[in-house]
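Visitor: Below are the sequence and a predicted model for it; my questions follow.
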Amino acid sequence: MPFINERLEANRESIDANRANSGPVRVSRFRFQPEAVMTRLRANIVGQNEALAAMEAMLVRVKADIGAENRPLAVHLFLGSTGVGKTETVRLIAEAIHGHQDALCRIDMNTLAQEHYAAALTGAPPGYVGSKEGHSLFDPEKVQGSFSKPGVVLFDEIEKANKDVVRTLMNVLDTGRLVLPAGNREIDFRNTLIFMTSNAGALDAEAHEQRFQRGWRRWLGVSPTGGEAIRDAALRRHFDPEFLNRIDQILTFNNLAGDWLDALLDIELAALNRRLARKQAELWLSPQLRSHLCQGYDRRYGAREMMRAFRQRLEPAVAGALLAQPEITRFRADVHDRDIRVSQYVE
Ligand SMILES: Nc1ncnc2c1ncn2[C@@H]1O[C@H](COP(=O)(O)OP(=O)(O)OP(=O)(O)O)[C@@H](O)[C@H]1O
Ligand SMILES: [Mg+2]
């Protein structure tokens, strides 16, 4: 029995709780705190309030442990353009629940796009090379979690998956189990939070929004409507209704713009300053550099462009200054003719 110790401990706790208070006390088997997970999410994800509110409701529902028994704990599909925080949200949820970075089982559907590779999801069928090992792409421990913590699985870029893979997945959503073709092993998804991400419909939705930014509609102050219908039509083009019906909730992530990028820059800078503190250094960004970093921004690439500029242009400049001027503790980064320069900070 894999979870026996945890079960015993939980039982003991609930008996102790009952003794301490004369009435029965409701104790959840889950040991994660939805509030703590949400604090982590809200501190790191910007501009996605609706999606985060939905995550909070999901975490509370899971913690109460009143879901159907023969299904995964939760099934969510995240839609939205590239680089708006879909994968990051799932990564942070897994990390906050389990307390370490590699708690997430991530399956990249792009790599399973070809029929040829579809079998890799469940491992090779009997008689094929590799069937003895029974290797599948799933890490059973991460998928199944433990008695007190749900497993977290992410299927990234689900629209790229081949039909066979989607069929396998539908089965998992239906029964909470995946039978591996090699031998009679199975992977249990009934203690799992399943997330899927997709860019399907993002381009159509973007084009629709853009139309309202131009011409007579903008002039008349008409705001975009019908975005939902466009999204649903795109979803139906990519996925069968049977598949969509098995998803608890479909959430659309917003495109990031102006102020949100600035907030994201603050998060990145705070993280860099935490690392710099270990080297007795501190960094300050000039307002010009801030707007420069947030400006060369293309809606189609989401936050990635800014993050890339931060890592590939700002960090090397800081590293150079750190090594060249070991006696300086306070630095200032500025931009001159698109060139990032780091020097001593003077008040
Ligand atoms: N809303 C956001 N809040 C905080 N960080 C974000 C946000 N959006 C993107 N990022 C940052 O940008 C990077 C890319 O984000 P992420 O991997 O979540 O994109 P995605 O939405 O999954 O895109 P894709 O569809 O291309 O996979 C991450 O490093 C993440 O930290
Ligand atoms: Mg992603």
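Guide: Yep, it's here. Residues are numbered from 1 along each chain as shown. Ligands and ions are numbered 1, 2, ... in the order given.
Visitor: in what helix or strand does Glu242 lie?
Guide: Per DSSP states H and E, Glu242 falls inside helix 241-245.
Visitor: Hmm, Gly85 is touching Phe253, no?
Guide: Yes: using C-beta atoms under 8 Å, Gly85 is in contact with Phe253, at 6.1 Å. In this view, the C-beta of every residue, glycine as well, is placed from N, C-alpha and C.
Visitor: ok, those two, which is more surrounded?
Guide: Neighbours of Gly85 and Phe253, each counted by other C-beta atoms under 10 Å, are more numerous for Gly85; the result is 26 against 22.
Visitor: which ones are touching the nearest residue to the more buried one once chain neighbours are set aside?
Guide: Nearest non-adjacent residue to Gly85, counting by C-beta to C-beta, 6 or more residues apart in numbering: Ile45, 5.1 Å away. With contacts defined as C-beta atoms under 8 Å, 6 or more residues apart in numbering, the neighbours of Ile45 are Leu52, Gly85, Glu88, Thr89, Leu92.
Visitor: Which one (most neighbours) among the residues you listed?
Guide: Busiest of these [other C-beta under 10 Å] is Gly85, holding 26 neighbours.
Visitor: ok and the residue in the protein nearest ligand 2?
Guide: Thr87 (3.2 Å; C-beta to the ion).
Visitor: Please tell me I have it right and that residue contacts Met196.
Guide: No: judged on C-beta under 8 Å, Thr87 makes no contact with Met196 at a distance of 11.0 Å.
Visitor: Find the residues that touch each one of the two.
Guide: Leu154, Asp156.
Visitor: Output the below-cut-off pLDDT ranges for this structure.
Guide: Scanning the chain for pLDDT under 70 picks out 1-5, 7, 10-11, 14-24, 113-120, 122-136, 182-184, 208-227, 258, 296-300.
Visitor: Which residues of it lie near ligand 1?
Guide: 44-48, 80, 82-88, 197, 199, 256, 264, 302-304, 307 (C-beta under 6 Å from any ligand atom).
Visitor: Quickly list the domain ranges of this structure.
Guide: Listed domain ranges for the chain are 31-200+239-252, 258-344 (source: automatic domain parsing).
Visitor: So which of those is the most surrounded?
Guide: Sort the domains of the chain by mean neighbour count, taking mean count of other C-beta atoms under 10 Å, and domain 31-200+239-252 sits at the top with a mean of 18.
Visitor: quick one, phi psi at the residue nearest to Gly85?
Guide: phi -110, psi 130 (degrees, to the nearest 10).
Visitor: swap in Ser343?
Guide: Given degrees, to the nearest 10, the pair of backbone angles that Ser343 has is phi -140, psi -180.
Visitor: now do Glu50
Guide: Torsion angles at Glu50 (phi, psi; degrees, to the nearest 10) stand at phi -70, psi -40.
Visitor: Could you find the closest non-adjacent residue to it?
Guide: Using C-beta to C-beta, 6+ apart and skipping the chain neighbours, the partner closest in space to Glu50 is Leu251 (7.1 Å).
Visitor: Checking my notes, the one you found in a strand, right?
Guide: Yes: counting by DSSP: H, G, I helix; E, B strand; the rest coil, Leu251 falls inside a strand.
Visitor: how near is it to Asp174?
Guide: Noted for Leu251: a distance of 21 Å to Asp174, by C-beta to C-beta, to the nearest Å.
Visitor: Please apply the same query to Ile93.
Guide: Counting by C-beta to C-beta, the gap from Ile93 to Asp174 is 23 Å.
Visitor: And Ile340, its phi and psi?
Guide: Phi and psi for Ile340, reported as degrees, to the nearest 10, are phi -90, psi 130.
Visitor: In which helix or strand does the residue nearest to it when sequence neighbours are not counted reside?
Guide: Counting by C-beta to C-beta, 6+ apart, Ile340 lies nearest to Ala317, which is 4.6 Å off, once chain neighbours are set aside. For Ala317, the host element (DSSP H and E) is helix 315-324.
Visitor: Which other helices and strands does that helix contact?
Guide: helix 258-277, strand 330-336, strand 339-344 (3 or more C-beta pairs under 8 Å, 6 or more residues apart in numbering; DSSP states H and E).
Visitor: Give me the contact list for the longest one.
Guide: Outside of helix 258-277, the residues that reach it under the criterion C-beta under 8 Å, 6+ apart are 43-44, 46-47, 256, 282-283, 285, 290, 293-294, 297, 303, 306-307, 310, 315, 318, 322.
Visitor: Sort out for me which of those are in helices.
Guide: Among those, DSSP state H puts Ala43, Asn44, Arg290, Leu293, Cys294, Met306, Met307, Glu315, Val318, Leu322 in helices.
Visitor: Of these, just say which sits nearest to Arg246.
Guide: Of all those, Asn44 has the smallest distance to Arg246: 29.6 Å, by C-beta to C-beta.
Visitor: Any figure for the gap between the residue lying closest to that closest one once chain neighbours are set aside and Ala51?
Guide: Distances taken as C-beta to C-beta, 6+ apart place Leu92 nearest to Asn44, at 5.7 Å, with adjacent residues excluded. Noted for Leu92: a distance of 12 Å to Ala51, by C-beta to C-beta.
Visitor: Great, nothing more from me.
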